[in-house]
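Q: what shape does this take:
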Amino acid sequence: MPRPLTILPLIGLVLLAALVAVALRPQSPYVYPGEGQPLADELPLPQVRDMSAHLSGRVLDASGAGVAGASLVVVQDGRVHWTYSATEGGFDLPGLSPGVLEVALDHRLYPATLMEGVAGPTPIDLVLPPAHGEGPSVPAPKGVDLAARIQAGNIADLTDFEVALAPSAPPSKPGTGRPRRARTDSEGHFRIPDLTPGEYLVRVIPPGHPGATWPDLLADLDAPALRFTHPQESMTFNTVAGTVAGTFHAPAGHYPGGALVQIRPRGASGPGARPMGRILVGRTAADGSFHIPHVPPGAYRAELASGELRFESFLVMPQRGQIDPGF
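A: Next up is the predicted model:
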């Protein structure tokens with residue numbers, strides 16, 4: 001047999017051994033991009049902004065007298081908030097985060113000025129610089145009376161619901177009206193005389209929340225306020241709020257009456273969150289029943305406290321609905 005044929009099996013064995021050695025050699029582990037970076041102890045929780053503070057007080061002249069008709073503008077977190085001073089210079093600007101902020105004041109008889117204010121529980125005085133006299137002004141458009149009414153499901157007595165109107169245009173725009181408020185009679189009728197034509201944001205606030213902006217009975221929890229364009233000779237605003245109602249079935253040895261029931265937007269009392277100032281409260285009757293009306297549509301956390309007992313429930317209020325939290 002020729003020599004080349006005798007060495008071929010040996011070459012094959014050598015190649016096979018080399019392949020086995022390559023397959024069995026130690027392998028370096030695959031490193032995923034970013035591996036080895038330290039992990040955070042915990043993921044940041046979403047924060048709920050506290051928009052419960054008011055900027056309130058009086059606008060005064062140098063003598064200490066109240067000045068009506070001054071516009072106040074605040075820019076906070078990219079949002080514009082504004083109002084006008086009323087009789088005796090009083091003003092109230094809700095829906096702000098607490099703390100120090102800059103307030104721009106403007107009045108036709110005084111130089112425009114920027115001053116510091118504090119949104120919080122204490123009213124403040126804002127003193128205008130000396131008057132410079134009457135300046136040029138744009139004639140205000142002729143006002144038109146608004147006669148309107150609200151309807152609220154099966155609520156029979158609509159006395160003292162508050163209707164709050166705010167112009168959607170900035171106060172620096174010529175011909176812009178000023179914020180107006182009115183109260184309803186027992187049938188929901190109200191009248192606002194001499195209302196400047198233009199587009200307005202409108203809110204309906206139930207009794208017990210004077211001067212507030214929430215609960216707004218015309219909009220969902222997180223929705224913008226309803227808009228309408230004046231002049232309107234007459235108009236009807238239909239509320240969309242619902243009711244949280246049920247019965248507290250107290251365990252043996254506990255009295256069902258007098259328990260505190262709170263309805264707040266979901267997440268407002270979660271870990272790391274600050275109170276939002278949006279809470280509706282009720283008490284159970286002697287038989288454990290409770291009834292909290294005027295709850296705008298949205299997602300809520302219902303809480304009941306009776307002595308050391310604590311219960312909570314999550315609910316989603318539909319428009320004009322009624323929800324039992326199941327306590």
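
Q: use CA for all of it now, contacts and neighbours both
A: Will do.

Q: what about the stretch 201-327 of the chain, any weak spots by pLDDT?
A: 233, 267-277 (pLDDT under 70).

Q: and if we set it to 50?
A: Counting by pLDDT under 50, the stretch 201-327 of the chain shows low-confidence ranges at 268-276.

Q: tell me where it has strands.
A: 226-230, 234-238, 242-247, 260-265, 280-283, 289-295, 298-306, 309-317, 322-323 (DSSP state E, counting those that start in this stretch).

Q: turn those into CSV, including distance to residue 126 and mean neighbour count.
A: Converted to CSV, the strands of the stretch 201-327 of the chain look like this (distance: least, CA to CA, whole Å; neighbours: other CA atoms under 10 Å):
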stretch, distance to residue 126, mean neighbour count
strand 226-230, 31, 16
strand 234-238, 36, 14
strand 242-247, 40, 20
strand 260-265, 34, 21
strand 280-283, 33, 17
strand 289-295, 35, 20
strand 298-306, 38, 20
strand 309-317, 41, 15
strand 322-323, 45, 17
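
Q: export these to CSV and tack on distance to residue 111?
A: Converted to CSV, these look like this (distance: least, CA to CA, whole Å):
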stretch, distance to residue 111
strand 226-230, 31
strand 234-238, 39
strand 242-247, 47
strand 260-265, 42
strand 280-283, 43
strand 289-295, 43
strand 298-306, 44
strand 309-317, 49
strand 322-323, 53
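
Q: and residue 207, which of those strands is closest to it?
A: strand 289-295 (9.9 Å; CA to CA).

Q: test my guess that residue 94 contacts residue 53.
A: Yes - counting by CA atoms under 8 Å, residue 94 does reach residue 53; the two are 6.2 Å apart.

Q: domains in the protein, by residue range?
A: 53-127, 144-238, 242-323 (automatic domain parsing).

Q: identify the residues contacting the host helix or strand of residue 111?
A: Element membership for residue 111 (DSSP states H and E) is strand 110-119. With CA atoms under 8 Å, 6 or more residues apart in numbering as the test, strand 110-119 has contacts from 53-56, 96-106, 124, 126, 128-133.

Q: same question, stretch 211-228
A: 94-95, 164, 199-206, 237-241, 265, 278, 294-299, 319.

Q: one more: stretch 296-315?
A: 215-222, 240-242, 258-267, 316-320, 323, 325-327.

Q: list the contacts of the residue lying closest to residue 258 once chain neighbours are set aside.
A: The shortest distance from residue 258 to any non-neighbouring residue, by CA to CA, 6 or more residues apart in numbering, is to residue 284 (5.1 Å). Contact analysis of residue 284 by CA under 8 Å, 6+ apart lists 247, 248, 256, 257, 258, 259, 260, 261, 290, 291.
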